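Engineer: Pasted the sequence and its predicted model underneath.
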Amino acid sequence: MARDKGTEWAFTGKYWDSKEKGTYYCAACGNPLFVSDTKFESGCGWPSFYQPVSKTSVIYTPDNSHGMQRTEVQCGRCKAHLGHVFDDGPPPTGLRYCINSVILDFEKAKDAEKKFNDNEK
């Protein structure tokens, strides 16, 4: 799917409704892409974010397939197809990165309180 620019069915991916805190990475190469603090519920059925980790995390290419004009989002490192970006997102960017779960890996944020308590034992 990452190389043939496919899209998973809406509301079927493992991260579309995830509320866990952490970082999302490219499943193909491990590049950090998005943090959970920028994830929001868009109602589209795919994980949605309003900004990537950095300006170089993703690249943008025109996508005129399926009779539409869209902007494809690819991994900034390996160029795997991630999804598309639209200009109907929330502040502060006004963008909605609509990303396929299948190309994402996730690492939970470290629980600082648990770590502190474990060290106190």
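Structural biologist: Structure's in. What do you need?

Engineer: residues contacting the closest residue to Val35 other than its chain neighbours?
Structural biologist: With sequence-adjacent residues excluded and distances taken as C-beta to C-beta, 6 or more residues apart in numbering, Val35 is closest to Thr23, at 5.3 Å. The C-beta positions use only the backbone N, C-alpha and C, and glycine is treated the same way. Contact criterion C-beta atoms under 8 Å, 6 or more residues apart in numbering gives 32, 34-36, 53, 106-107, 109 as the residues in contact with Thr23.

Engineer: How about stretch 40-60, which residues are buried there?
Structural biologist: Taking 16 or more other C-beta atoms under 10 Å as the neighbour-count basis, stretch 40-60 is seen to contain the buried residues 42, 46-53, 57-58.

Engineer: and Asp63, how many neighbours?
Structural biologist: Neighbourhood size, Asp63 [other C-beta atoms under 10 Å]: 15.

Engineer: check which helix or strand covers the residue lying closest to it once chain neighbours are set aside.
Structural biologist: Spatial nearest neighbour of Asp63, chain neighbours left out: Glu72 (4.1 Å); criterion: C-beta to C-beta, 6+ apart. Assigned by DSSP states H and E, Glu72 belongs to strand 70-75.

Engineer: Show me what that strand is packed up against.
Structural biologist: Strand 70-75 makes packing contacts with strand 58-63, strand 81-86 when contacts are defined by 3 or more C-beta pairs under 8 Å, 6 or more residues apart in numbering; DSSP states H and E.

Engineer: in that strand, what counts as buried?
Structural biologist: For strand 70-75, the buried set under the neighbour-count rule, 16+ other C-beta under 10 Å, comprises 70, 72-75.
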